[in-house]
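>>> When you get a sec, could you give me coordinates for this:
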Amino acid sequence: MRITIVSRIFAPEPGAASFRLGALARACAEAGNSVCVLTSAPPSQLNAGLIEFPDNVQIKRAKVLRDRAGYVRGYAQYMSFDIPLMARLLFARRPDIVLAEPPPTTGAVVRLICAMRRVPYAYYAADIWSDASQTAGAPSFVVKIVRWLEKFAMRGAQRVLSVSDGVSERLRELSVSRNVRTIGNGSDLAAFSLEGPAKNLRRPYFVYTGTASEVHGARIFADAFADVQRVRPDAALVFVGQGSEFPVIKEIAADLPEGSISVFPRTTPSEVARWLRGAAAALASVKPDSGYDFAFPTKMYAATSCGTPVIYAGTGPGKAFIDTIGYGIATDYDVESVATSMISMLEREQARADRQRASAWARENVDIGAIATSACNILESVASEHQKKLTKQ
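All right, here's what the predicted structure looks like:
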C-alpha cells in the first residue's frame with residue numbers, strides 16, 4: 001500500500017508534528033507499506049541532524065519561505081508550501097491514501113487534489129487552528145476564513161485523527177464528528193532518555209523548550225523570574241525554541257542581570273534532551289480562558305522521559321498529567337504562584353529513584369509508537385475500504 005504524508009514540518013525539525021509524523025512514517029513502513037513524505041527542506045543548521053528512516057520511506061523536500069526564527073509560521077510561509085504542493089501532489093505517483101497535517105490551508109489543498117484524483121485522505125487534528133488564530137488576536141474576518149478552511153479540510157476527510165478527548169469534543173462543537181477517531185497523543189521519546197549527557201551551567205536552571213505562542217503564554221515564567229531571583233539569585237532561566245512570545249521574553253530578560261534569562265533558537269532533539277537532563281525543572285503552560293484550555297503541551301512528555309520534573313502553569317490536561325504521575329508541580333497561571341513553585345522546586349532534591357520512576361512511566365504510557373501503529377491501522381483500513389468501492393464500480 002502507498003501512503004503519502006503531507007506536512008510543512010518534518011524531522012529533523014523539532015516539534016510535536018515532526019515527532020508524530022516521523023513515528024507514523026516508521027510504523028507504516030514497518031507494516032510493509034511504501035511511504036512518501038511531501039515536506040519542506042529544513043533550515044541549514046539542522047541538516048547535520050537529519051534522521052534516517054527505513055528504505056521504504058521516501059522524503060521529498062522543497063524550499064519554503066521561513067520567518068525570522070527559521071520557522072514555517074505565518075500565512076505567507078504557509079502559502080509558500082501549499083501553492084507548490086498542488087503540483088507536487090497532483091503529479092506524484094498515485095497513492096492509496098494521503099494524510100494531511102495542519103494548517104487548514106494544507107488540508108484544503110489536499111482535499112481538492114485528492115478529489116481530482118479520487119484518492120481518500122485523512123486529516124491529523126492535533127489542535128484547532130481557528131481557535132488558535134482567535135486567541136492570537138487575528139482579525140475576525142481572518143478567523144472566519146481559517147474556520148471555514150478548517151471545516152472544509154476536515155469534513156472532506158474520510159477520517160480525522162484527533163489527539164485527545166478535548167479536541168474531539170471541540171470538533172463536535174464545530175459540527176465535525178462523523179469521521180473523527182480519537183487516537184490519543186504522545187511523543188517520540190527515542191532521544192529523550194534518562195541516561196545521556198546533560199547541560200552544566202554551574203548554577204541551577206529552569207528550561208522551557210519548544211514553541212512559545214499566545215496560546216502557551218510562556219512569558220509568565222519570565223515575568224515571575226524576577227521574584228525567583230530575589231530569593232535565589234544563583235538560579236537561571238533558559239528558553240530553547242521559537243514563537244511569537246520570544247521577542248517580549250527577550251525584552252524582559254534585558255531588564256534582569258546578565259545571564260539570568262537566556263534565549264536560544266530551536267535545535268535538534270538530542271540537544272534539547274541535554275538541556276532537559278540538566279535542568280532543575282522543565283516548564284510548560286497553556287494560558288487559561290483563551291478558548292484553548294483543551295490543549296496539552298507535549299513537551300511535558302519529553303521532559304518526564306528524561307526524568308526531569310515539570311512545572312505546569314494553567315488548567316486542563318497539563319494539570320491532570322502532573323496529578324496522574326505525581327511528579328512535578330501544577331500551579332495557577334499567575335506570577336506569584338509560578339514564582340512560588342519555581343522557588344519550591346529549587347529547594348527540592350530530586351532522588352534518582354524518582355527520576356527513574358518518572359522516566360519509566362513515560363516510556364510505558366506516552367511513547368508515540370503505539371499511537372503511530374493505531375494511526376497506521378486506520379489509514380490502511382480507509383484505503384482498503386476505498387479500493388473495495390472502486391472494485392465494485
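>>> where's residue 152 relative to residue 106, distance?
Separation of residue 152 from residue 106 (C-beta to C-beta, to the nearest Å) stands at 12 Å. The way it works is simple: take the backbone N, C-alpha and C, and place the C-beta from them, glycine included.
>>> show me where the chain has helices.
Assignment of helices within the chain using DSSP state H yields the ranges 16-30, 75-90, 104-117, 129-135, 140-155, 165-173, 219-231, 246-254, 269-278, 299-305, 317-325, 335-346, 352-365, 368-392.
>>> counting contacts, what elements does the second one pack onto?
Counting contacts by 3 or more C-beta pairs under 8 Å, 6 or more residues apart in numbering; DSSP states H and E, helix 75-90 is packed against strand 2-6, strand 34-40, strand 57-62, helix 104-117.
>>> Contacts for it next, please.
Taking C-beta atoms under 8 Å, 6 or more residues apart in numbering as the criterion, the residues outside helix 75-90 that touch it are 4, 6, 8, 38, 40, 60, 62, 64-67, 71-72, 98, 103, 105-106, 109-110, 112-114, 116-117.
>>> Need the buried ones from those residues selected in ChimeraX.
Typed into ChimeraX, the line below selects the buried ones among the contacts of helix 75-90, using 16 or more other C-beta atoms under 10 Å:
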select :4,6,8,38,40,64,66,71,72,98,103,105,106,109,110,112,113,114
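>>> Leaving out chain neighbours, which residue sits closest to residue 186?
residue 368 (4.0 Å; C-beta to C-beta, 6 or more residues apart in numbering).
>>> And for residue 200?
Excluding its sequence neighbours, the residue lying closest to residue 200 (C-beta to C-beta, 6+ apart) is residue 278, at 6.0 Å.
>>> Likewise for residue 343?
Distances taken as C-beta to C-beta, 6+ apart place residue 231 nearest to residue 343, at 5.3 Å, with adjacent residues excluded.
>>> pretty sure the one you found contacts residue 342?
No. Using C-beta atoms under 8 Å, residue 231 is not in contact with residue 342; the gap is 9.3 Å.
>>> which one of these two has more residues nearby?
When residue 231 and residue 342 are compared for neighbours, residue 342 comes out ahead with 27 against 13, by other C-beta atoms under 10 Å.
>>> what's the neighbour count on the residue nearest to that one when sequence neighbours are not counted?
On the basis of C-beta to C-beta, 6+ apart, the spatially nearest residue to residue 342 that is not a chain neighbour turns out to be residue 228, at 4.9 Å. Other residues within reach of residue 228 by the criterion other C-beta under 10 Å amount to 23.
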